[in-house]
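*Asks:* Give me coordinates for this.
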Amino acid sequence: HPGLMQEPGMLTRFRREARAMRRVKHPNAVQVVGHGVDKGLVFLAMELIDGHDLAEHMARHGRLAPERAARIVADVCSALAEAHALGLVHRDVKPENILLGGQDGEMVKLTDFGIAKSAIGMSRDSVVSDDESFDDSCPDSVNLVGGFDLTTAGTLVGSPGYMAPEQILGKKVDQRADI
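*Replies:* Residues are numbered from 1 along each chain as shown. Alright, predicted model coming up:
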């Protein structure tokens with residue numbers, strides 16, 4: 001968001017969040033493979049999923065069979081459990097952020113951890129510590145065209161129709177808000 005580009009420390013927080021999202025390595029979560037800055041634009045590089053989102057699927061095909069819905073929910077919950085174990089709260093679980101791919105649309109991937117936040121009581125540094133080699137060439141002194149961090153305190157983030165009441169009220173949230 002352009003209004004955030006002047007915020008002190010924004011790029012540092014972006015880098016931490018990108019590393020945190022990269023650590024969510026689960027078959028039902030879209031994998032972040034890199035991040036950086038190019039011509040003043042901050043970016044994330046993610047796994048490409050050939051498919052469509054759950055909202056689009058439901059618009060085309062209507063209501064899901066209960067068994068199919070249960071499998072999708074189980075897969076999404078499994079991905080969330082991995083993120084929660086790392087101390088991350090997604091904060092925007094909705095049909096548009098659930099991708100269906102593969103031959104029969106049986107592959108389920110949770111995406112858009114862009115507003116994920118470290119959970120209450122978790123040290124963000126412990127969440128993002130990463131022993132793997134990783135190109136972290138994202139300097140704080142770069143002249144940004146636009147900002148990226150949407151997790152500023154006091155900012156309402158997410159999709160109101162899918163938010164937990166405490167999230168709508170601007171209170172601190174934990175993993176329960178995703179569920």
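
*Asks:* if I look at residue 162, how far off is residue 25?
*Replies:* Here the distance between residue 162 and residue 25 works out to 25 Å (C-beta to C-beta, to the nearest Å). All C-beta spots, glycine's among them, are computed from the backbone N, C-alpha and C.

*Asks:* Show the average pLDDT along stretch 70-79.
*Replies:* Stretch 70-79 comes out with an average pLDDT of 97.

*Asks:* What of stretch 98-117?
*Replies:* Across stretch 98-117, the average pLDDT comes to 84.

*Asks:* ok so, going back, tell me which of residue 162 and residue 25 has more neighbours.
*Replies:* Taking residue 162 and residue 25 together and counting by other C-beta atoms under 10 Å, residue 162 has the greater number of neighbours (15 against 10).

*Asks:* Regarding this structure, what is its longest helix?
*Replies:* Determined from DSSP state H, the single longest helix within the chain is helix 66-85.

*Asks:* Near residue 39, how many other residues are there?
*Replies:* By the measure other C-beta under 10 Å, the count of residues near residue 39 is 7.

*Asks:* meant to ask about residue 169
*Replies:* Residue crowding around residue 169 was assessed by other C-beta under 10 Å; the count is 10.

*Asks:* how about it, what does it touch?
*Replies:* Contact criterion C-beta atoms under 8 Å, 6 or more residues apart in numbering gives no residues in contact with residue 169.

*Asks:* Residue 161 belongs to a helix?
*Replies:* Yes - counting by DSSP: H, G, I helix; E, B strand; the rest coil, residue 161 is located in a helix.

*Asks:* what ranges of the chain fall below the confidence cut-off?
*Replies:* Low-confidence segments of the chain, defined by pLDDT under 70: 1-6, 114-158.

*Asks:* What is the burial count for the closest residue to residue 33 other than its chain neighbours?
*Replies:* With C-beta to C-beta, 6 or more residues apart in numbering as the measure, residue 45 is the residue that lies nearest to residue 33, at 5.1 Å, once sequence neighbours are left out. Residue 45 sits with 13 neighbouring residues when counted by other C-beta under 10 Å.

*Asks:* and residue 45, what are its bridge partners?
*Replies:* residue 34 (DSSP bridges).

*Asks:* how far out from the middle of the chain is stretch 81-96?
*Replies:* Distance of stretch 81-96 from the chain centroid (C-alpha atoms, centre = their mean, to the nearest Å) equals 7 Å.

*Asks:* try stretch 165-179
*Replies:* Taking the mean C-alpha point of stretch 165-179 and that of its whole chain, the gap between them comes to 15 Å (C-alpha atoms, centre = their mean).

*Asks:* Return the residues in contact with the spatially most central residue of the chain.
*Replies:* Relative to the mean C-alpha position of the chain, the nearest C-alpha, by C-alpha atoms, centre = their mean, is the one of residue 113, at 0.3 Å. If a contact means C-beta under 8 Å, 6+ apart, then residue 113 has 21, 24, 29-30, 32, 83, 88, 90 as its contacts.
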